[in-house]
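# This is a predicted model, with the sequence first.
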Amino acid sequence: MAATATPTSSALDPAVRRDLYETMVLSRVFETEAERQYKAARIGGYCHLSSGQEAMTVGAMHALAEDDLLVTGYRSHGFALARGVSPEAVMAELFGRVDGCAHGRGGSMHLLDPSRGYYGGWGIVAGQLPIATGLALALRRQGKDQAVLCELGDGAVNMGAWHESLNLAALWDLPVVFLVVNNRYGMGTAVERASAEPDLYKRAAAYRMHGERVDGDDLDTMIEAADRLLGVARTEHRPAVLEAVTYRYRGHSVADAGLAYRTKDEIAEHRERDPISLEAKKLRDAGVSQEELEAIDTAADDRVAAAVQAALDSDEPSTDRLAYGMHALGSDEQFARMRPGSAFGEEALTFDAGLGA
Ligand SMILES: Cc1ncc(C[n+]2csc(CCOP(=O)(O)OP(=O)(O)O)c2C)c(N)n1
Ligand SMILES: [Mg+2]
């Protein structure tokens with residue numbers, strides 16, 4: 001287990017750094033607009049924003065190879081955008097429209113795009129861990145040198161699925177990196193009030209797994225650590241825990257003002273070390289002008305406005321297709337066990353729901 005990692009100097013190509021900065025800005029603007037649209041009642045259900053966490057998200061996504069797999073919790077708009085899902089498809093999903101990346105059936109918490117190796121977007125805290133672990137097992141069984149990145153929150157490390165998943169990942173040498181996003185709170189509960197070991201990366205030691213903590217607000221640090229650990233997962237088939245310390249500016253969800261359990265001073269203190277401002281400074285130091293940075297902001301505003309318009313223009317899914325895609329076509333062998341009188345229940349109940357449309 002490594003001690004807290006220190007920032008490294010960056011070998012990032014200037015054009016790549018600029019691209020990543022654009023994605024960070026896009027994510028921030030997208031979240032601000034999502035909150036506005038939620039309050040205008042165009043978005044239903046839950047909506048969790050990740051403003052303040054952009055370096056962690058964009059850095060991790062930059063390290064993820066094209067054929068690696070991604071599984072996240074529900075605070076995932078930024079992950080989807082950084083993985084290349086279009087703002088239109090993410091916004092349309094928030095609006096519950098057919099052009100959404102989950103065809104309007106998932107909403108904010110259940111984004112997904114298997115064509116980009118993104119297997120969701122999961123609303124049950126820690127529910128994504130067994131799924132990511134299972135994907136990693138499948139990759140191993142198929143003899144593939146790909147990795148899975150599994151994002152989870154600091155609250156999820158106190159769930160049973162965390163222990164079960166880490167145990168099997170270590171025992172079976174599975175290529176999965178558990179990215180613990182320590183944004184200091186699980187809803188309104190501070191990490192120190194929820195976890196007997198608040199240095200969350202140390203909990204990997206219980207499974208003889210590598211664990212380390214990094215500054216999740218520094219893009220270069222995030223890229224270096226995620227790249228290294230995903231590399232080990234791919235080539236040596238060893239799992240790891242990467243704890244990224246960051247901060248969410250907004251409340252737990254759009255319904256939470258986020259002020260009952262923390263002070264305005266605490267939020268202001270974190271904003272002084274804003275990940276986007278840190279990157280803007282690096283770009284300015286590298287010769288990018290203020291005008292160019294402002295043009296990036298304007299382009300993000302335009303892009304997000306276009307995404308809102310596209311979402312509004314998209315149809316709502318028809319109710320007769322609501323269950324479409326819920327179940328895969330089963331094999332005869334599988335359904336033999338579901339026939340009336342068998343131990344596993346009725347084929348009709350399961351089968352009709354999935355294939356009705
Ligand atoms: C199994 C389960 N229990 C409770 C909830 C309600 N819930 C939603 S988010 C959350 C807190 C999770 O916090 P954390 O893991 O730190 O993630 P963050 O919201 O900070 O990204 C809880 C308790 C849930 N969705 N699933
Ligand atoms: Mg949290």
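Thanks, I have the structure now. Numbers count the residues shown, from 1 in each chain. Ligands and ions are numbered 1, 2, ... in the order given.

# can you tell me if the host helix or strand of V58 touches ligand 2.
Assessed by DSSP states H and E, V58 sits inside helix 54-63. No. Remark: helix 54-63 sits outside contact range of ligand 2, by CB under 5 Å from the ion, the gap being at least 11.7 Å. To be clear about C-beta, it is placed using only N, CA and C from the backbone, and glycine gets the same treatment.

# contact partners of that helix?
With CB atoms under 8 Å, 6 or more residues apart in numbering as the test, helix 54-63 has contacts from 16, 20, 23-24, 27-28, 50, 70, 78-79, 82-83, 149, 151, 179, 181, 216-223, 226-227, 230, 244, 246, 275-276, 278-279.

# How about the helix or strand following that helix and ligand 1, touching?
Counting by DSSP H and E, the next helix or strand C-terminal to helix 54-63 is strand 69-72. No. If you take CB under 6 Å from any ligand atom as the test, strand 69-72 misses ligand 1, and the best it gets is 9.7 Å.

# can you list the residues of the chain near ligand 2?
G153, D154, N183, G186.

# So of these, which two are at opposite extremes in space?
Pairwise distances across these peak at 8.8 Å for N183 and G186 (criterion: CB to CB).

# Please identify every residue contacting each of those two.
Common neighbours of N183 and G186, counting by CB under 8 Å, 6+ apart, are G153, D154.

# neighbour count winner among those two?
More crowded of N183 and G186, by other CB atoms under 10 Å: N183, with 23 against 20.

# What sits closest to the more buried one if chain neighbours are left out?
Spatial nearest neighbour of N183, excluding adjacent residues (CB to CB, 6 or more residues apart in numbering): R248 at 4.6 Å.

# Checking the one you found next. Helix, strand or coil?
Three-state call for R248 (DSSP: H, G, I helix; E, B strand; the rest coil): coil.

# Next: the one 4 residues further on.
Following three-state DSSP, H252 is assigned to coil.

# can you map out the strands along the stretch 1-150 of the chain?
With DSSP state E, counting those that start in this stretch as the criterion, the stretch 1-150 of the chain has strands at 69-72, 118-121, 148-153.

# Show me what the helix or strand following the longest one is packed against.
The one in question is strand 148-153. Next in sequence after strand 148-153, counting helices and strands by DSSP H and E, comes helix 160-171. For helix 160-171, the packing partners by 3 or more CB pairs under 8 Å, 6 or more residues apart in numbering; DSSP states H and E come out as helix 128-141, strand 176-182.

# contacts for helix 160-171?
Here helix 160-171 makes contact (CB under 8 Å, 6+ apart) with 126-127, 129-130, 132-133, 136-137, 150, 152, 156, 174, 176, 178, 204, 206-209, 239, 241.

# Try it again at 10 Å.
With contacts defined as CB atoms under 10 Å, 6 or more residues apart in numbering, helix 160-171 is touched by 124-134, 136-137, 148, 150, 152, 156-157, 159, 174-178, 180, 203-204, 206-211, 233, 238-241.

# Looking at that helix now, give me its mean pLDDT.
Helix 160-171 shows a mean pLDDT of 98.

# Any idea how many residues pack against I131?
Using other CB under 10 Å, I131 has 18 neighbouring residues.

# Domains in the protein, by residue range?
Domains of the chain are assigned by automatic domain parsing as 14-317, 323-357.

# okay, the ones you listed, which one's buried deepest?
domain 14-317 (a mean of 20; mean count of other CB atoms under 10 Å).

# Distance from that domain to the middle of the chain?
For domain 14-317, the distance from its own C-alpha centre to the chain's C-alpha centre is 3 Å (CA atoms, centre = their mean, to the nearest Å).

# gap between the residue lying closest to H103 once chain neighbours are set aside and S108?
Spatially, and ignoring its direct neighbours in sequence, H103 is nearest to P317 (6.2 Å; CB to CB, 6+ apart). Counting by CB to CB, to the nearest Å, the gap from P317 to S108 is 16 Å.

# Quick one: residues contacting the closest residue to T72 other than its chain neighbours.
Counting by CB to CB, 6+ apart, T72 lies nearest to E151, which is 4.2 Å off, once chain neighbours are set aside. Residues counted as contacts of E151 (CB under 10 Å, 6+ apart) are 56-57, 60, 70-73, 75-76, 79, 122, 128, 132, 177-181, 242, 244.

# beta partners for A244?
Note on A244: beta-bridge partners by DSSP bridges are V181, V214.

# hang on, isn't it packed against T221?
Yes. A244 lies in contact with T221 (CB atoms under 10 Å); the separation is 8.8 Å.

# Under a three-state scheme, what state does the residue nearest to V29 when sequence neighbours are not counted occupy?
Nearest residue to V29, sequence neighbours excluded (CB to CB, 6+ apart): A300, at 4.3 Å. The three-state label for A300, taken from three-state DSSP, comes out as helix.

# what's near enough to touch A300?
When contacts are counted by CB under 10 Å, 6+ apart, A300 touches E22, T23, M24, V25, L26, S27, R28, V29, F30, T32, E33, P87.

# Now the residue nearest to N183: phi and psi?
With angles defined as degrees, to the nearest 10, R248 sits at phi -100, psi 130.

# Distance-wise, check G153 relative to V181.
In this view, G153 and V181 are 6 Å apart by CB to CB.

# Could you name every residue contacting both of the two?
T72, G73, R75, R248.
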